[in-house]
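Trainee: Model the following, please.
(one chain, ligands or ions: 1)
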Amino acid sequence: MSTGEGVRESWSTRIGFILAAVGSAVGLGNIWRFPFQVGQEGGAAFLVMYLAFVVLIGFPAMLVEFVVGRRTGLNTVGAIKEFGTARWRYLGGLFVFIGFVILSYYSVVGGWVLRYILGSGRGSYMDASAGEYFVSIASGTDALVFHAIFMAIVVAIVGLGVQRGIELSVKIMVPAIIAIFAILAGYAFTLDGAAEAYSYYLQPNLDVLINNWASIVPAAAGQAFFTLSLGMGVMITYASYLSEDENLAIDGTSIVVFNTGISILAGLIVFPILFTAGVDPETSGAGAIFISVAQALTDIPLGQVIGVLFFATVAIAAVSSAISLIEVVVSYAIDEFGMDRVPATLAIGFLIFLLGAPVTVDTVMVDLYDILAAQILLVIGALLLISLVVIFHTEEALDEIQKGVTDLGWWGYLWLWIVGVPVVIVLGVSLMLGLDTYVKFLQGPFADFLSSL
Ligand code: PFF
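Mentor: Down below sits the predicted model:
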């Protein structure tokens, strides 16, 4: 079904929904963003905070999105309209806006990944320095062209429709990601730098945590939301295709476990390679992973083959997340304006391409979009959605979370209390700290960039 009229599509199987949600969660957030956040924020200290946020904040917040999506059976904006008063429609608008912003730079980074598949195959960064190679492809015409190619792939898949496009592609992509990553992590384990890498990555240093909490907290919260695809209604839209006999908590647990496992696995691949090549994981910025992994690949045996495998896997993961980002906007256009899927997807894809174009001017633009999206917009989105549900729809939320469960007992109340009190407090604090981080970025690196123009 591809028009605004008639019966909505639904997932053909339960595993289809889980795979699609995992496909959305697992992406550049796990592979590109997670390792460089770990590197920037002090190694294992960040990892611990991040894991705590995923379990204590991300998981309960995910259930809120599931409840809203399945209860209403609508796209993000429609769902908010049904749950809120007229004023709340701005929250739906915010979600669509966040989808636009995230996908616009996500696609640029996705384009870098596509470029690196070719670069690895040809051994391009093996002759030049890895840093120079990154600079040569990360901005300018190359970046713009590959940004366009990435968006074209996403538009083509989503244009085919939820079931044929998203579900089928994810059924192939997710198992591929897990298999290839397991092989690469096994390979990384055999490297000389592995032991040092594991202790950096897995042994938290409390002092680091205490001294840097003001930047670690918003970074960990932002990363938790980004990686779990929360705070902008992706999970509302996906859960809207779900049937009532589904146990939401169990589905949520599988998604969180899969996603976290893949992030941890990504670190187990990236850090041993970096340490073996003597590359400092703290090298900051959006290019850190590309530069350092590429540099490492030039030094290790079979680097070219591993490079193609690595970046092809990252590309698969990125596409499966990008389709969920655009699906929020597309399903909105279909449900609210009765547009057909294909023209809606084409038009939206083109607009997102345009919004992403400035990101190809300089890599500092990635940070400009990324910090705003992860540390501010997603947190605001989640906070508002939680408030809407906890303040106005407690009974409905409790009723919905119980469906498909034999006896939830007091767990339902506990869940509502957790999202309503501690989660809101932590997110509020995190938002303040995130705003502070962003202001510092605007006054520092971004101001420097502007004055260099
Ligand atoms: N979770 C995706 C990733 O980790 O790459 C990115 C993402 C998708 C973020 C969907 C937000 C979202 F709503």
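
Trainee: switch to C-alpha atoms for all contacts and neighbour counts from now on
Mentor: Noted.

Trainee: Name the residues of stretch 339-348 that come out as buried.
Mentor: M339, D340, R341, V342, A344, T345, L346, I348 (16 or more other CA atoms under 10 Å).

Trainee: How about the residues of this structure by the ligand?
Mentor: With CA under 6 Å from any ligand atom as the criterion, the chain meets the ligand at residues 24-30, 226-230, 232, 234, 321, 324-325.

Trainee: List the ones among the buried residues of stretch 339-348 that fall in helices.
Mentor: In helices, defined here by DSSP state H, the members of these are R341, V342, A344, T345, L346, I348.

Trainee: Which neighbouring elements make contact with the host helix or strand of V38?
Mentor: Taking DSSP states H and E as the definition, V38 sits inside helix 34-40. Helix 34-40 makes packing contacts with helix 44-53, helix 248-277, helix 288-299 when contacts are defined by 3 or more CA pairs under 8 Å, 6 or more residues apart in numbering; DSSP states H and E.

Trainee: Quick one, which of these gets closest to A79.
Mentor: helix 248-277 (17.5 Å; CA to CA).

Trainee: how far does the closest one sit from the chain's center?
Mentor: Remark: helix 248-277 is offset 13 Å from the chain centroid, using CA atoms, centre = their mean, to the nearest Å.

Trainee: That helix - contacts with which helices or strands?
Mentor: Other elements packing on helix 248-277 under the criterion 3+ CA pairs under 8 Å, 6+ apart are helix 14-25, helix 34-40, helix 59-72, helix 168-189, helix 194-202, helix 288-299.

Trainee: show me the contacts for L435.
Mentor: Under the criterion of CA atoms under 8 Å, 6 or more residues apart in numbering, the neighbours of L435 are Q375, I376.

Trainee: Mind putting the helices and strands packed on helix 34-40 into CSV with distance to V379, mean pLDDT and mean neighbour count?
Mentor: Below are the helices and strands packed on helix 34-40 laid out as CSV (distance: least, CA to CA, whole Å; pLDDT from 0 to 100; neighbours: other CA atoms under 10 Å):
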stretch, distance to V379, mean pLDDT, mean neighbour count
helix 44-53, 12, 96, 22
helix 248-277, 18, 89, 21
helix 288-299, 25, 77, 22
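
Trainee: do you know which of those lies nearest R122?
Mentor: Between R122 and those, the tightest spacing by CA to CA is seen for helix 288-299, at 12.2 Å.

Trainee: what sits up against the closest one?
Mentor: By CA under 8 Å, 6+ apart, the surrounding residues in contact with helix 288-299 are 32, 35-36, 125-126, 129-131, 133-134, 270, 273-274, 276-277, 279, 281, 303-304, 306-307.

Trainee: what about 7 Å?
Mentor: Contacts with helix 288-299, where a contact means CA atoms under 7 Å, 6 or more residues apart in numbering, come from 32, 36, 125-126, 130-131, 134, 270, 273-274, 277, 279, 303-304, 307.

Trainee: swap in stretch 341-361?
Mentor: Residues contacting stretch 341-361 (CA under 7 Å, 6+ apart): 2-3, 100, 103-105, 108, 138-140, 143-144, 148, 151, 155, 159, 330, 333-334, 365-366.
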